[in-house]
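Colleague: need coordinates for the following:
(one chain, ligands or ions: 1)
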Amino acid sequence: MWIDTHGHLDAVEFETDRAAVHLRARAAGVTTCVIPAVEAANFDTVRLLAHAQHDVYALGIHPLYTPQATEADLAQLDAALHAHQDDPRLVAVGEIGLDGFVPELNTPEALAKQQQFYKAQLKLAQQHQLPVILHVRRSADLLLKALRDTPVMGGIAHAFNGSVQQAQAFIALGFKLGFGGALTYDRALQLRRLATELPLSAIVLETDAPDIPPHWLYTTAEQRAAGQPQGRNEPAELPRIGHVLAELRGIPLEELAVATSANARQALPRLQ
Ligand SMILES: [Zn+2]
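Modeller: Okay, here's the model as predicted:
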């Protein structure tokens, strides 16, 4: 039915009701969730969780975690990719990439470290013949440049919000583009246009749970000031997000579900 191609289900936000979140996902028709790692310290957690829930996982060091990451973490990633190379639930190297938004990560030194880890992990993906799951935030051109130097077998540009030209460049390199809760907002005109006009074959769906709540879960600054917590996103929201995209594209929901699931299996061949 549906594949959530990006959910941080190991996050503390799910600590108290992870089993219920999982059951709600299955009840909503979300058959599989891709759980990406963010640092060496959660490699085992995401792997064990994926096995326990019959989901799949990716191993990698997220750009936001590069300030504290070390060479030993890269060695640990290489070792884990070796150790679990025959694990059918290990589907990608991720979440890796570059973040061009967070100021502390964009001093010359911090950006150099982001680049060092991104490029080293592209090499590991190449060596281990795995696709990659990319964090793209104001970084599409830099990501693409490194991909041209170190080609990998494609993957997913997650939470994509770039230009049509950048989207086409990722597609040309074998990537699918991940769309989620951000496109449920009426004011997200550019993103909605992109998600509507790109070929359906280029699109995968994701929640990025617990983040990027769709508009029906979003609480305003005022509501939060009054004590209401920010809405927590979860995989069970994926079909409703899909419903918004199907309406935007003017296609039946079923067609969107079938196509985006097939696209996810193409981007992450071990999902087959
Ligand atoms: Zn993520």
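Colleague: contacting residues around the lengthiest helix in the chain?
Modeller: Of all segments of type helix in the chain, defined using DSSP state H, the longest is helix 108-127. Contacting residues not belonging to helix 108-127 are listed as 60-61, 63, 66-67, 69, 74, 77-78, 81, 92-93, 96-99, 104-105, 131-132, 142-143, 146-147, 149-153, 155 [CB atoms under 8 Å, 6 or more residues apart in numbering]. Where you see a C-beta, it was placed from the backbone N, CA and C, and this is true even at glycine.
Colleague: quick one, helices of the stretch 51-200 of the chain?
Modeller: Taking DSSP state H, counting those that start in this stretch to define them, one finds helices in the stretch 51-200 of the chain at 71-83, 108-127, 140-149, 164-172, 189-197.
Colleague: next SSE downstream of the lowest-mean-pLDDT helix or strand in the chain?
Modeller: When the helices and strands of the chain are compared on mean pLDDT, DSSP states H and E, helix 221-225 comes out lowest with a mean of 89. Secondary structure here is assigned by DSSP states H and E; on that basis, the next helix or strand after helix 221-225 toward the C-terminus is helix 238-249.
Colleague: circling back: make a markdown table out of the helices of the stretch 51-200 of the chain and add mean neighbour count, distance to residue 204 and mean pLDDT.
Modeller: Shown next, in a markdown table, are these (neighbours: other CB atoms under 10 Å; distance: least, CB to CB, whole Å; pLDDT from 0 to 100):
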| stretch | mean neighbour count | distance to residue 204 | mean pLDDT |
| --- | --- | --- | --- |
| helix 71-83 | 16 | 22 | 98 |
| helix 108-127 | 18 | 18 | 98 |
| helix 140-149 | 17 | 17 | 98 |
| helix 164-172 | 16 | 12 | 98 |
| helix 189-197 | 16 | 11 | 97 |
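Colleague: I'd like those helices as a markdown table, with distance to residue 56 appended.
Modeller: Conversion of the helices of the stretch 51-200 of the chain to a markdown table gives the following (distance: least, CB to CB, whole Å):
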| stretch | distance to residue 56 |
| --- | --- |
| helix 71-83 | 15 |
| helix 108-127 | 16 |
| helix 140-149 | 22 |
| helix 164-172 | 21 |
| helix 189-197 | 24 |
